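Chemist: Using only what follows, build the 3D model:
(chains A and B)
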Amino acid sequence: MSEHKNEGAAPGRGKGTTEKEMTLQRSQQASKDARGDASNGGLPKFQSPAQLDSWFDAQLMQVYSEVVSEPLPKEFIDLLQKLKDKSPR
Amino acid sequence: MQQTRNASDTPEFQNALVEVLPHLRAFARSLTRRREQADDLVNDAVVRALSAAAQFQPGTNFKAWMFTILRNLYYNEGRKNRSTVSLDEAEALMPSVMPAQQSALEFCDFRRAFWQLGDDHREVLILVGASGLSYEEAAAVCGCAIGTIKSRVSRARNELLHLLSGDNLKTPRTDSIPVAGVDPTAILEPTGTGD
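Modeler: Model (predicted):
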């Protein structure tokens, strides 16, 4: 039951420099907008495309982790118990 | 006479199932956007996997196999049509507290933008960006080419950045951030039965 991870590369990385720079410019532009200033959230300022990628991946992982870290509902606990009981000793 | 053991009865299979359950719930939530429906979907996927355990090939990615079962249940059995939840409905259920840290506000906006993405984009970001599947495995789960997955990931990231830039989020932030004791994913709970 092996799992294969992406080889350290965040999705969206490895593209041409032009696209990365455009993305960075977009985030820097956004930081100038009202929503992006320090008092109003939005996109923070990024110094490099790698920083933007890193921030993006961290946010995405947090969205995912919110659900993954939830306690399992009772129906699943019961299901797992049935499995355990059924399993040959 | 030696008793034949079902594949689903093996400790390896059952341990793998236990480990993958939280990830199945997260993937199902990204598809349905509703906690209750997502858990029903996971439950059915587990039952389906138990009956099809012999089809799993040891040495391949169990998580990807389970994701494929769950996704097929969702898209091929008419469940998708029952899963719509309006953004207004979701926003109305967000916990509202005073803003605290800037990073929490940023995440709050990111999460709102994420749930505004189209189904394909949400799905591919969860598969590749969060759950750790490779492009190849994600392509197998979605039944499409690797190139399709790569371009979807790229478009999804750009769409998210677009939503986060300027005033592109559909609803204004209400200073809602995740706080201790408040389930931030409660925004995905339906207000009614809906079905």
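Chemist: When you work out contacts or count neighbours from here on, use the C-alpha atoms and nothing else.
Modeler: Fine.
Chemist: Quick check: buried residues in the biggest helix by length in chain B?
Modeler: In chain B, with assignment by DSSP state H, the single longest helix is helix B:11-32. For helix B:11-32, the neighbour count (16 or more other CA atoms under 10 Å in any protein chain shown) marks B:13-14, B:17-18, B:20-32 as buried.
Chemist: Could you pull up the contacting residues of A:Ala83?
Modeler: Ala isn't right for residue A:83; it's Leu. When the contact criterion is CA atoms under 8 Å, 6 or more residues apart in numbering or on different chains, the partners of A:Leu83 are B:9, B:14.
Chemist: and the strand or helix carrying it, average pLDDT?
Modeler: Following DSSP states H and E, one finds A:Leu83 within helix A:74-86. Across helix A:74-86, pLDDT averages out at 79.
Chemist: Go through it and flag the buried ones.
Modeler: By neighbour count with 16+ other CA under 10 Å, helix A:74-86 contains the buried residues A:76, A:80, A:83.
Chemist: Is any residue of whichever helix in chain A runs longest near chain B?
Modeler: Counting residues, the longest helix found in chain A (DSSP H) is helix A:49-68. Yes - under the criterion of CA under 8 Å from any CA of the partner chain, chain B is reached by helix A:49-68 at A:57, A:59-61, A:63-68.
Chemist: quick check: angle from that helix to helix B:11-32?
Modeler: Inter-element angle recorded for helix A:49-68 and helix B:11-32: 110 degrees (by axes from the mean of the first three to the mean of the last three CA atoms, to 10 degrees).
Chemist: elements contacting helix A:49-68?
Modeler: Applying 3 or more CA pairs under 8 Å, 6 or more residues apart in numbering or on different chains; DSSP states H and E, we find helix A:49-68 packed against helix A:17-32, helix B:11-32, helix B:102-116.
Chemist: in it, what counts as buried?
Modeler: Judged by neighbour count (16+ other CA under 10 Å), helix A:49-68 contains these buried residues: A:49, A:52-53, A:56-57, A:59-65, A:67-68.
Chemist: Could you tell me how many residues sit around B:Glu159?
Modeler: Neighbourhood size, B:Glu159 [other CA atoms under 10 Å in any protein chain shown]: 18.
Chemist: Secondary structure element holding it?
Modeler: Following DSSP H and E, one finds B:Glu159 within helix B:146-164.
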